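Asker: build me a model:
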Amino acid sequence: MAVRPPLCASLGAILIAASLDVGLSANASRLLSVTPQEFLETCHADIAAAHAAAARLKATTSTAAGDPLAGLDEYDTAMGLLFNARDRSSLAWNVHPDPALREAATRCETDVDRAKTELSLDGEVFAAIERLDLTGADAATRHYVQRALRDFRRAGVDRDEATRARLRALSEELITLGQEFGSTVAADVRTIEVDPADLEGLPDDFRRAHPPGPNGKVVLTTNNTDYVPFLTYAKSAAAREALWKVYRQRGHPKNLDVLRRILTARREMAGLLGFPSWADYVTADKMIGTRENAAAFIARITVAADQVMSTDYAAILTRKRRDEPQAARVNAWDSVYLQEQVKTEQFDFDSQDARPYFEYGRARQGVMDLTARMFGIAYRAVPDASVWHPDVEAFDVVDARTGGGGRVLGRIYLDMFPREDKYKHYAQFTLVNGKAGGALPEGVLVCNFPKPGPEPALMLHTDLETLFHEWGHLLHHVFGGHTRWAGISGITMEWDFVEAPSQMLEEWTWAPETLRTFARHHETGEPIPVDLVRRMKAASEFGKGLYVRQQMFYAALSLDLHTRSPEGLDTSAVVAELQGQYTPFAFVPGTFFETSFTHLDGYSALYYTYMWSLVIAKDMFTTFSGNGLLDEETAARYRRAVLEPGSSKPAADLVADFLGRPYSFAAYEAWLAARPESPRP
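Answerer: Got it, this is the predicted structure:
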């Protein structure tokens, strides 16, 4: 999911003009290599150009220059400039190594959001869009205009001036608070010290990378590169508990107050717009439709997963009692470790057995080769691309289909390894939103995978899934970045659909016929054994009940915090209540999950969207599983029907175009109900 010498007056205009040219903008990534002053002045030039386009729109009649859509062109230009400036800033403050440029990016994002708010509340702009003559316009254009008018009303353009003024103030407050919440989490990397003996169970490369310090202790951080393997493999329950607890203290105490202020501002904004809560407001323009539907969906999935979760929990409790005969319960910090033990003992699969086959370099090349074959593209390295850190790689995505002519479709950047003050999780960021006849789309993967070095960069299969997942977003951005209008380009459809294409691409990490094209032992070069993949797949079915219910806890928490009145709300008490309701793990006093749950900023009440999207992803995958995962015709049809249209039509229609029917829950429910057969008694 996030600042030299004086700039000559003409540079900003030059950069803007370049960003609107057909093809790749050489300045897009360059703008992450300039000085903070250049970054800000270019940002302000973009904002000024957007204001100028809006002014031309307001002066344009529906028949200006004989083009009934001339005004829409101006509106789209303004929105494209603002979205590109904001996306560029979000990327910069999440990844740039220079604190001054990160600060400049934060200021730019604030200024852009202020400009977007002003535009959304401009009654003259709204009136100009409303009077557009859509006679003869295509369906995508009509959908775009209808959505734009809806969004104007949702912003409050039809409210009185006093209300609009308050909405402006609240929007600015929420921008600042969101930045504060996220930056606090990013900067709050906590550590614990453990004895070398506490590394028992960890892979050898992890142990070598964590030698004892001068005091004889080993330092562990809350970065995922330490946290995930330690919670998965460390035999010491006490050490796991210590790391688990400090992980859930990140952002505390500062973000308790920041979150309270975010919830208060959102509640007031929703009320001014005619909604009883932020959850009601933010679900109204999604596939789900209403807060009640979101709550019903969470309840439906919770019930469906109940028996599976109970079975999973009983299995890990039984396993724990082998080590602690008197154990009455499983603690949260035990769960992943015990699941790993059950998978090893019951399903004959140890995730460390697969790591030698998932070396980062091979995995990255593997996803590139697979997607190139499926979708008729090629990746061409751009070694001289301007980048913001030496670790970053750039590739042009080229149309390699017959008749494609080697046309460049867009550019991707890979910022894949952890470093100080960088975004701590995994996400696809936008650098440039594409538009037919304008700039080509450019996207960035920001990840935290193990970095190749003296030790081979071996990944868990969960890391491989994440790589494919984020690559799915990247392709969606590139393929969808060629629509007529920038406002419906790329990943701009309903928020509860955007995860579906990326979730579906994860399925390719489970099939022997796809894995064996790249998953080779880093020492011997032998492809991953089919039997190992079979056992890995069987083991993956175990624990999904616990996983789904944990996801429903997150979904319920995000929805409930944005439904309840924030006045006097004890967010930690809500965490404790819902954790007990949705998971079998007891709440631990002194932990504050909500202060580092960054989805509360970016997704607000919408965490349910991950599972909603998975329902659709499982359904879409039935077409691939029926025709073959490497069937190029199916992939081409999927590209045309789902990925390339961007948000030219409602997401449900995109899915129906591909499936030949509306989506259903059947495939998801079958997946959830399926239980693996253990190869061991």
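
Asker: any low-confidence regions in the stretch 401-550 of the chain?
Answerer: Counting by pLDDT under 70, the stretch 401-550 of the chain contains no low-confidence segment.

Asker: mind running it again at 90?
Answerer: The stretch 401-550 of the chain contains residues with pLDDT under 90 at 401-406, 420-425, 455.

Asker: what ranges do the strands span in it?
Answerer: Taking DSSP state E, counting those that start in this stretch to define them, one finds strands in the stretch 401-550 of the chain at 408-415, 427-432, 442-446.

Asker: mind listing what the residue nearest to Gly289 when sequence neighbours are not counted touches?
Answerer: With sequence-adjacent residues excluded and distances taken as Cβ to Cβ, 6 or more residues apart in numbering, Gly289 is closest to Thr283, at 6.8 Å. (Each C-beta comes from the backbone N, C-alpha and C, glycine too.) By Cβ atoms under 8 Å, 6 or more residues apart in numbering, the contact set of Thr283 is 289-291, 293-294, 605-606.

Asker: separation between Thr283 and Gly156?
Answerer: 18 Å (Cβ to Cβ, to the nearest Å).

Asker: what does Gln550 give?
Answerer: Remark: distance between Gln550 and Gly156 (Cβ to Cβ) = 37 Å.

Asker: cool, and Val95?
Answerer: 33 Å.

Asker: with Ser335 instead?
Answerer: Distance from Ser335 to Gly156, by Cβ to Cβ: 45 Å.

Asker: circling back: tell me which of the strands of the stretch 401-550 of the chain sits nearest to Phe181.
Answerer: With respect to Phe181, and counting by Cβ to Cβ, the nearest of those is strand 427-432 at 15.9 Å.

Asker: for that closest one, packing partners?
Answerer: Using 3 or more Cβ pairs under 8 Å, 6 or more residues apart in numbering; DSSP states H and E, the elements in contact with strand 427-432 are helix 26-30, helix 70-95, strand 442-446, helix 461-479.

Asker: run me through the strand neighbours of that strand, direction for each.
Answerer: Looking at strand 427-432 with DSSP bridges, its partner strands are strand 442-446 (antiparallel).

Asker: which parts of whatever helix or strand Tyr227 lives in are buried?
Answerer: Assigned by DSSP states H and E, Tyr227 falls within helix 224-233. For helix 224-233, the neighbour count (16 or more other Cβ atoms under 10 Å) marks 224-227, 229-233 as buried.

Asker: next: stretch 141-148.
Answerer: For stretch 141-148, burial by neighbour count (16+ other Cβ under 10 Å) applies to 141, 143-145, 147-148.

Asker: ok, and what's touching it?
Answerer: Outside stretch 141-148, the residues that touch it by Cβ under 8 Å, 6+ apart are 69, 72, 75, 129, 132, 134, 137, 484-485, 487-488, 647-650.

Asker: for it, give the mean pLDDT please.
Answerer: For stretch 141-148, mean pLDDT is 97.

Asker: what's near enough to touch the residue nearest to Pro584 when sequence neighbours are not counted?
Answerer: Leaving aside its sequence neighbours, Pro584 sits nearest to Tyr313 (Cβ to Cβ, 6+ apart; 4.7 Å). By Cβ under 8 Å, 6+ apart, the residues touching Tyr313 are 330, 545-546, 584.

Asker: same thing with Ala457?
Answerer: Residues near Ala457 by Cβ under 8 Å, 6+ apart: 359-361, 449-451.

Asker: again, only using 6 Å
Answerer: By Cβ atoms under 6 Å, 6 or more residues apart in numbering, Ala457 lies in contact with 360, 450-451.

Asker: next one: Leu578
Answerer: Residues near Leu578 by Cβ under 6 Å, 6+ apart: 553, 556-557.

Asker: where do the helices sit along the stretch 101-250 of the chain?
Answerer: Residue ranges of the helices in the stretch 101-250 of the chain, as given by DSSP state H, counting those that start in this stretch, are 123-130, 139-155, 161-187, 204-209, 224-233, 237-247.
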